[in-house]
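> what follows is a predicted protein model with its sequence.
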Amino acid sequence: MSSIKDQLLICTAEEARDFVQYRIPWHEFSHGEADAALSVDGAYVVELEDILAALRRFRRKKAVYREMEEEWIRPIIRNADEIGMNIAVGSPDRAFRDIDVTEMSKHEPLSREEAVAWIFMQLVTVWAEADEIPYDALIAPAANILWNETHPASSPRYTDGQKDHFITDIFDQDRTDSLSEEDLKRFRRYTEQLIKKGSLNALRIRAYSCYGGNAAYACDWDYAREALEVILQATQDPFAANTLGYLYYYGRGSLPGRDYPKAYQYFTIGAFNGVYESMYKSADILIKGEGVPQNYRAAAKLISRVYYENLERLGNGVYDSKFADAALRMGNLYRDGTGLDQDDMEAYECYLQADLAIRQRLPFKHYGDNAVYQRIEHALEDMKEKLAGGIELHSLNDATAEYLRDLMDGYPGRLRVSSVGNTARLEVSRVSYTGMPVPRMLVTVGPMSYCKLCDVFVMYAQNVRERKLPEEPVDFDYMDYSPETGALDFYHWGERVAGVTGDFLIQDDRYIAGMRAEDEQEHTFVSAVRIASREKGSWFRFGERFEAICPFDVDPGDLVLISTGTELAAAEVTAVYRAKMSDLPYSTYTIKRVEHRITADDVPLDYRFIFEEQN
């Protein structure tokens, strides 16, 4: 016999089963303690048979919801963990918050685990305010599951709701290709049965199956079009309108040809309802003036919206988004100067982004993605050829800190700084003060043919002239950059927490990752100031500072000749230090090297004008 002590109801496994099967109501079982916590002495896990037994008893009693809630539903949910029911977390008021109620309410269950959770979800969220509880509708799916366990798998007993669950689960997860022939027959049979009963969901499944074809249905553009028009009329579904737009745009099936005005009509419905494909397809029509007045500006606005909204989705890990399509079209706008200022490098960077995004999306096997991939690759290669020597660099000099500000996109950030000699390394990441995840940064540097989703962005400041560099990471919410002075300052709540003045540079981490082991050895480096230029009349930038590897001993104040890779420069050594090559930007440790020590008399005539003028 169960006993109660300090609000703890102690019982055997058999007694717990009697309660769950509703052989005894809770007020009797708990000795009148409505909020008692259950403690089962022995192993007991609720089975689907127990739940069905209870429902049948309630049905015989014609119990109303109030009785069921107080005597059975709430006590079970409150003690779900103790009796092995994975249906609720915490108090009854929080029941089913960890269950996707929207998804579960669409379809009736196909397994024991689904059935238990589904029954309670229906009772708590669907029938709580009903005058009568539809016991038969609750019992039938679960009874079918038990019946199917003891009967041949080739002829399962399903309600219409279970049939709907079966075909929807297979179609929405794109699993028709992996079905056995027997399951394919069941898929088609259930779909046709439900269509005859007026199921718009089954009609949707067959329509989209026929749109291009799958293992269950051959391609039938005409059926797809007719079915989607029925669905659109009945539901005003904007995705049905979007697909109809494609059918008319390409003149699929028995249509006499492309019908651009009709396609634009359907795409407009989708676009006004936020369907990204409809937005950029409407833009395509506006750019070409296909059956509508040509309007580059409107097209650019539509494409820009799809681009920026899906850029954030891509950063949040939604890899089957429409960013690839939008980035391709943004590239075309820059390439052709339609709606945006003509800019080949901007176009190339958009194509790089589209290439990254479509490669992320291809595994989802969306219809038409292979064609999208080919268009992106052609656009990318054509623009790469047009830009010729302006790309494939390993580093980008004169990279402004404005680029960093664009990457942050208004998010607060975290800064980590390290420095060697006159070079500072800045690591910046986005942070969240709300606990919500922040999107990763899409770092795109056209001159380096570089495009990557990053959690941390790294840039360098060379020739540092002033610095306030914290030893520990600091957060910031505002950046201020002066192109005239090269000063980049970071602020948090109005206080300057870090700052550096120098010449900014971005490096290609793909190259750095492939450095040879010997590049990790320490070398002697010098900081030096240019005092002359070899080429007569070519000043470059007087006073430019170098970080250069030096293979021999020098001291501050010595004059040296430095090879930058493109020219020779006379310079005065200001500091000498030891460091690893990997501690410095690519351009520093690769193309700058001290050739030999010189004196004022050694400076060739071509140097001397500049050198003597400064001395």
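Yes, it's here. Residues are numbered from 1 along each chain as shown.

> mind listing what K197 touches?
K197 makes contact with D160, according to C-beta atoms under 8 Å, 6 or more residues apart in numbering. Every residue, glycine included, has its C-beta placed from N, CA and C.

> would you map the helices across the stretch 151-300 of the chain?
160-172, 181-196, 200-210, 221-235, 238-249, 260-272, 276-288, 296-315 (DSSP state H, counting those that start in this stretch).

> domains of this structure?
Listed by automatic domain parsing, the domain ranges of the chain are 3-149, 174-201+212-389, 395-512, 516-613.

> tabulate those in JSON lines, adding columns for mean pLDDT and distance to D164.
Below are the domains of the chain laid out as JSON lines (pLDDT from 0 to 100; distance: least, C-beta to C-beta, whole Å):
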{"stretch": "domain 3-149", "mean pLDDT": "81", "distance to D164": "6"}
{"stretch": "domain 174-201+212-389", "mean pLDDT": "95", "distance to D164": "6"}
{"stretch": "domain 395-512", "mean pLDDT": "85", "distance to D164": "34"}
{"stretch": "domain 516-613", "mean pLDDT": "68", "distance to D164": "59"}
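
> can I get the helices of the stretch 151-300 of the chain in TSV with mean neighbour count and distance to V372?
Below are the helices of the stretch 151-300 of the chain laid out as TSV (neighbours: other C-beta atoms under 10 Å; distance: least, C-beta to C-beta, whole Å):
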stretch	mean neighbour count	distance to V372
helix 160-172	19	22
helix 181-196	16	28
helix 200-210	21	19
helix 221-235	17	20
helix 238-249	22	13
helix 260-272	20	17
helix 276-288	23	11
helix 296-315	19	14
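
> can I assume V526 is in contact with V594?
Yes - the criterion here is C-beta atoms under 8 Å, and V526 meets it with V594 at 6.2 Å.

> which residues do the two both contact?
Contacts common to V526 and V594, judged by C-beta under 8 Å, 6+ apart, are A548, C550, V554, V560.

> most widely separated two among those?
A548 and V554 (10.3 Å; C-beta to C-beta).

> show me which of those two is the more surrounded one.
A548 (25 against 17; other C-beta atoms under 10 Å).

> so the more buried one sits in a helix?
No - per DSSP: H, G, I helix; E, B strand; the rest coil, A548 lies outside any helix segment and is strand.

> what's the closest non-adjacent residue to it?
Closest residue in space to A548, ignoring its immediate chain neighbours: K592 at 4.1 Å, by C-beta to C-beta, 6 or more residues apart in numbering.

> neighbours of that neighbour, how many?
Other residues within reach of K592 by the criterion other C-beta under 10 Å amount to 22.

> in JSON lines: the helices of the stretch 151-300 of the chain, plus distance to P437.
Converted to JSON lines, the helices of the stretch 151-300 of the chain look like this (distance: least, C-beta to C-beta, whole Å):
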{"stretch": "helix 160-172", "distance to P437": "25"}
{"stretch": "helix 181-196", "distance to P437": "37"}
{"stretch": "helix 200-210", "distance to P437": "32"}
{"stretch": "helix 221-235", "distance to P437": "33"}
{"stretch": "helix 238-249", "distance to P437": "27"}
{"stretch": "helix 260-272", "distance to P437": "29"}
{"stretch": "helix 276-288", "distance to P437": "22"}
{"stretch": "helix 296-315", "distance to P437": "10"}
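
> can you count the residues close to Y250?
Neighbour tally, Y250, other C-beta under 10 Å: 14.

> isn't it up against R258?
Yes - between Y250 and R258 there is a contact under C-beta under 8 Å: 6.4 Å.

> list the contacts for the residue lying closest to R186 once chain neighbours are set aside?
Leaving out its chain neighbours, the residue that sits closest to R186 by C-beta to C-beta, 6+ apart is F166, at 7.2 Å. F166 sits next to L110, Y158, R186, F187, Y190 when contact means C-beta under 8 Å, 6+ apart.

> try H492
Counting by C-beta under 8 Å, 6+ apart, H492 has contacts V474, D475, F476, D477, Y478.

> what's around the fourth one, how many residues?
Counted by other C-beta under 10 Å, the residues lying close to D477 total 17.

> next one: the nearest residue to it once chain neighbours are set aside relative to Y491, how far apart?
Distance criterion C-beta to C-beta, 6+ apart; nearest residue to D477, sequence neighbours excluded, is P412 at 4.6 Å. According to C-beta to C-beta, to the nearest Å, P412 stands 11 Å off from Y491.

> intersection of neighbour lists for these two?
Common neighbours of P412 and Y491 (C-beta under 8 Å, 6+ apart) are F476, D477.

> keep only those of the contacts of H492 that are in strands.
Mapping those onto strands (DSSP state E) picks out V474, D475, F476, Y478.

> drop anything exposed from those.
V474, F476 (16 or more other C-beta atoms under 10 Å).

> and the ones in strands among the contacts of H492, which two are the farthest apart?
Across these, the longest distance by C-beta to C-beta is 12.5 Å; it joins V474 and Y478.

> between those two, which contacts overlap?
Common neighbours of V474 and Y478 (C-beta under 8 Å, 6+ apart) are F490, H492.

> where do the strands sit along the stretch 401-550 of the chain?
413-420, 423-430, 441-445, 450-454, 457-468, 474-476, 478-482, 487-492, 495-507, 522-533, 545-549 (DSSP state E, counting those that start in this stretch).

> so what does G368 have for phi and psi?
Phi and psi for G368, reported as degrees, to the nearest 10, are phi 90, psi 0.

> residues in contact with the closest residue in space to G161 that isn't next to it in sequence?
In this structure, G161 finds its nearest non-sequential neighbour in E108, 3.3 Å apart by C-beta to C-beta, 6+ apart. Going by C-beta under 8 Å, 6+ apart, E108 touches W118, P141, T159, G161, Q162, D164, H165.

> are we agreed that E108 is in a strand?
No - per three-state DSSP, E108 lies outside any strand segment and is coil.

> from V20, how far out is it?
Distance from E108 to V20, by C-beta to C-beta: 22 Å.

> burial count for S178?
Residues near S178, counting by other C-beta under 10 Å: 10.

> please read the previous query as pertaining to E484.
Residues near E484, counting by other C-beta under 10 Å: 5.

> residue contacts, it?
With contact set as C-beta under 8 Å, 6+ apart, E484 has no partners.

> for the residue nearest to I73 when sequence neighbours are not counted, give its distance to A117.
Leaving aside its sequence neighbours, I73 sits nearest to L123 (C-beta to C-beta, 6+ apart; 5.9 Å). Plainly put, L123 is 11 Å away from A117 if you go by C-beta to C-beta.
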